[in-house]
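A.B. asks: Predicted model and sequence follow; I will ask about them next.
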Amino acid sequence: MRVISFAQPGFMLAGAVIVTYLSAEVGFWAAAVLSVLAVSLLALGVERVAIRPMVGRPVFAIAIITLGLDVVIRVVANGFIGLDVRQVGDPWKLDTVSVLGVEVQQRYLAMFAAALLMVAALFLFFRYTRFGLAMRAASFDQEAALAQGVSVSGVFAVSWAMAGGLAAVAGIMFGAGTSIDQNIWIIALKALPAIILGGLDSLAGAVAGGLAIGLFESLVSSYQSDHLPWLGENFATVSPYVLMLAVLLLRPYGLFGTREVERV
Amino acid sequence: MKKHLAALAACVLVLSGCGRGDESEATAPGVTDEACPEAVNKDNGCIYLGVISDLTTGPFKALAVSITDAQKAFWKRVNDNGGIGGYDVDVTKYIRDNHYSPETHNQVYQEIKGKVLALAQSLGSPTTAAVIEDMKTNKVLATPASWTSSWNFEDVILESGAPYCIESMNAVDYAVEAIKPKSVMAVYVPGDYGEDAAEGAKVAAEAHGLSFTGVESPPGQENQGGAIDAIVKAKPDLVILTAGPTDAATVVGQAAARGYKGRFIGTGPTWNPGLIASPAADALKALYWQSAPWLPWQTDTPGHKAMRETLSGVTPNDGYTAGWVWSYPLKAALEKAASNGELTRDGLFKAVKQLTSVDYEGMLENAGNYAGDPNSAVVRSSVIAQPDESAPTKVKVIKEPFVGPTAQDYTLSKPCF
């Protein structure tokens, strides 16, 4: 569909909230798996009810629908958060481990490992499975894919389910070592500069973009007040977007995105 | 034809005149002779109060819902006790969600302002600021849901408790007595909440001859890295913290994980009972105290007892305590206006100016002087609490209401920031 889904923050929050309810009962790992499955099913349902009828409609309209979906999902998830902040019950908490003489929080290593695992799984899926190939084909040209027997509607459904599951993983990992309240969805907004920086149609670009944005923001947060105080306080908060704009000026298709060629 | 038109116009004028006559017999906006929709006392008239709060998607939803529920319970108890001057009070018909957006706040305010006598709650400073000029023009009184010192300078706002800046002065004063710090850092969220508190910490630090640093930190757990770096680098003896609960826990937990061993005192809104089970719980228990404008849920006063009885069944949370305490001044003002025989906006405004004290049923002492100037009327007492798993709201008081020397001597001649 070539639509950016703005419902991802809602799915992320939902994934984290589900784990806060289940982890005390079945443990963190089982809760995480159940949460990912539940949010995938939720995303699948959302696709069938709200997105499928919009196939063929303007991309802008579908993007706006995803914005509305995000609000609806967050309001429902907020209702389950209640009045007290909640915990995902992760095993790492704020414990640290020494890596080459540097004290690193275990949860950060877990997040990094989870990201690597997800990227590897997605890479293998898109590269070596028939359905992954079908998804790439449908993404490239829906009509041609359809003519070759690809179930484009199936591709849409699975892509939404995968997106929901991945958002749930993000929410769960964000909750590690912290607390869940109704505001955690805001961090999902930082995915936007990451994927635009990397290139919208590039998996490797999304990874590189995410790392670049995170590293840049951390460096600015740590050193800007000492070396560039004239930029004002809290410049780190806007730094991902500044970097995104700077890269877009030089490479409008992102660092690893496909250069659009238009016949004029 | 002209005669017919003239006759028609005359009829319309007569009829519309009758209409206005009927309306003028009604007392005031938000006051009706008819009973409230769910009246406890069917023979009473009805006073409608509006509630504009952050009930679904905004950042203060958790606090706002408990405040609103407490206010519903408070006014139900008023009605159960016979109402005010022959009227029940309704705070349920005109509840609106502002999503913590000034535009939405203004929109819903305009929607309900002609139907309510006053606002039982107007949540948020930027949101309330969007309508305050209209409130002044139309004498629409409101109970706030924050403690910024600028409320002490607004005639239409019925504030309760010490403002953030006074609370932070007391926090520094208490720390000076308890841990004798040499350096103070204020880590504060931008805006009236954080900046008001930071100014109070600065005033108190200067009064005690302590070094002071202010570090602004935007909201969001992921945005606390700069503040944590600053704390770990500077190692101040005392950090006065103003943030939301999850952000505060992130700062305390992460700073402790990186070796910081100083003392945090967070303003009232930095605490949430759920933090006692958070990954930062050990750090909070070791390094964190909470300052607050009044005593928590479990305190033994007639007001606290009535609140617990009326709200029986809820999970204790000091958002309820805040909503309950904030409601007393409006009740006192309505009673005064009713006894003056002027249950109108003008009458209510006049009644507020006649209040030299409010009976908070022991929940807050020496408070409720709306007749005096801000400096003489401001409440200067605070309490200090520490995390405690056995307490209902997971904090227990370690310093009963007190006024520190800095707060005592401070002249509140303008808002603190």
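C.D. replies: Noted; the coordinates are in hand.
A.B. asks: got the contact list for the residue nearest to B:Ala281 when sequence neighbours are not counted?
C.D. replies: Nearest residue to B:Ala281, sequence neighbours excluded (Cβ to Cβ, 6 or more residues apart in numbering or on different chains): B:Leu275, at 6.7 Å. For the C-beta atoms, the positions are set from N, CA and C on the backbone; glycine is no exception. Going by Cβ atoms under 8 Å, 6 or more residues apart in numbering or on different chains, B:Leu275 touches A:Val85, A:Ser179, B:Pro245, B:Thr246, B:Ala248, B:Ala249, B:Ala281, B:Leu284, B:Pro387, B:Lys394.
A.B. asks: Neighbour-wise, which one of these leads?
C.D. replies: B:Ala249 (30 neighbours; other Cβ atoms under 10 Å in any protein chain shown).
A.B. asks: Could I get the contacting residues of that residue?
C.D. replies: Counting by Cβ under 8 Å, 6+ apart, B:Ala249 makes contact with A:Val85, A:Thr178, A:Ser179, B:Leu275, B:Ser278, B:Ala280, B:Leu284.
A.B. asks: mind listing what residue 186 touches?
C.D. replies: With no chain named, the answer covers chain A. A:Ile186 sits in contact with A:Pro9, B:Gly220, B:Glu222, where contact means Cβ under 8 Å, 6+ apart.
A.B. asks: let's do chain B instead
C.D. replies: B:168, B:197-198, B:201-202, B:212-215, B:239-242.
A.B. asks: ok, those vs chain A, which is closest?
C.D. replies: B:Val215 (8.1 Å; Cβ to the nearest Cβ).
A.B. asks: doesn't the closest one fall inside a strand?
C.D. replies: Yes: applying DSSP: H, G, I helix; E, B strand; the rest coil, one finds B:Val215 inside a strand.
A.B. asks: Can you get me a residue count around it?
C.D. replies: Neighbour tally, B:Val215, other Cβ under 10 Å: 22.
A.B. asks: now do the one 3 residues further on
C.D. replies: Using other Cβ under 10 Å, B:Pro218 has 20 neighbouring residues.
A.B. asks: Name the SS class of it, please.
C.D. replies: Classified using three-state DSSP, B:Pro218 is coil.
A.B. asks: What values do phi and psi take at it?
C.D. replies: Main-chain dihedrals, B:Pro218, degrees, to the nearest 10: phi -70, psi 160.
A.B. asks: what residues are up against it?
C.D. replies: Taking Cβ under 8 Å, 6+ apart, we find B:Pro218 in contact with A:Asn234, A:Thr237, B:Val189, B:Pro190.
A.B. asks: Repeat the analysis, applying 6 Å as the threshold.
C.D. replies: For B:Pro218, the contact set (Cβ atoms under 6 Å, 6 or more residues apart in numbering or on different chains) comprises A:Asn234, A:Thr237.
A.B. asks: what do you get for the one 5 residues further on?
C.D. replies: Contacts for B:Asn223 (Cβ under 6 Å, 6+ apart) come out as A:Thr237.
A.B. asks: Give me the pLDDT value at it.
C.D. replies: We have a pLDDT of 88 for B:Asn223.
A.B. asks: what about it, distance to A:Ser5?
C.D. replies: Noted for B:Asn223: a distance of 24 Å to A:Ser5, by Cβ to Cβ, to the nearest Å.
A.B. asks: wait, does the helix or strand that contains B:Trp75 contact chain A?
C.D. replies: Applying DSSP states H and E as the criterion places B:Trp75 in helix B:61-80. Yes: using Cβ under 6 Å from any Cβ of the partner chain, helix B:61-80 reaches chain A at B:Lys61, B:Ala62, B:Ser66.
A.B. asks: Which secondary structure elements does that helix sit against?
C.D. replies: strand B:45-53, strand B:87-90, helix B:318-340 (3 or more Cβ pairs under 6 Å, 6 or more residues apart in numbering or on different chains; DSSP states H and E).
A.B. asks: Looking at the ones you listed, which is nearest to chain A?
C.D. replies: Proximity of these to chain A was assessed by Cβ to the nearest Cβ; the nearest stretch is helix B:318-340, lying at 6.6 Å.
A.B. asks: circling back: what's the closest of the contacts of A:Ile186 to B:Ser357?
C.D. replies: When these are compared for distance to B:Ser357 (Cβ to Cβ), B:Gly220 wins out at 41.0 Å.
A.B. asks: For the closest one, give me its contacts.
C.D. replies: B:Gly220 neighbours (Cβ under 6 Å, 6+ apart): A:Ile186.
A.B. asks: Now do it, the pLDDT please.
C.D. replies: You'll see B:Gly220 listed with a pLDDT of 89.
A.B. asks: So what's the residue count around whichever residue of the stretch 251-400 of chain B sits closest to chain A?
C.D. replies: Closest approach between the stretch 251-400 of chain B and chain A, counting by Cβ to the nearest Cβ: B:Gly274, at 3.4 Å. For B:Gly274, the number of neighbouring residues by other Cβ under 10 Å comes to 26.
A.B. asks: Contacts only, for it.
C.D. replies: A:Asp84, A:Val85.
A.B. asks: Ramachandran coordinates for residue 181?
C.D. replies: Chain wasn't specified; assuming chain A. Torsion angles, degrees, to the nearest 10, at A:Asp181: phi -130, psi -180.
A.B. asks: let's do chain B instead
C.D. replies: phi -70, psi 160.
A.B. asks: How about B:Thr393?
C.D. replies: For B:Thr393, the backbone dihedrals are phi -100, psi 20 (criterion: degrees, to the nearest 10).
A.B. asks: what pLDDT does it get?
C.D. replies: Listed pLDDT for B:Thr393 reads 96.
A.B. asks: Leaving out chain neighbours, which residue sits closest to the residue nearest the centre of chain B?
C.D. replies: With distances taken as Cα atoms, centre = their mean, B:Ala145 lies nearest the centre of chain B, 2.7 Å away. Excluding its sequence neighbours, the residue lying closest to B:Ala145 (Cβ to Cβ, 6+ apart) is B:Leu123, at 4.1 Å.
A.B. asks: With B:Pro302 instead?
C.D. replies: Closest to B:Pro302 by Cβ to Cβ, 6+ apart is B:Glu361, at 4.4 Å.
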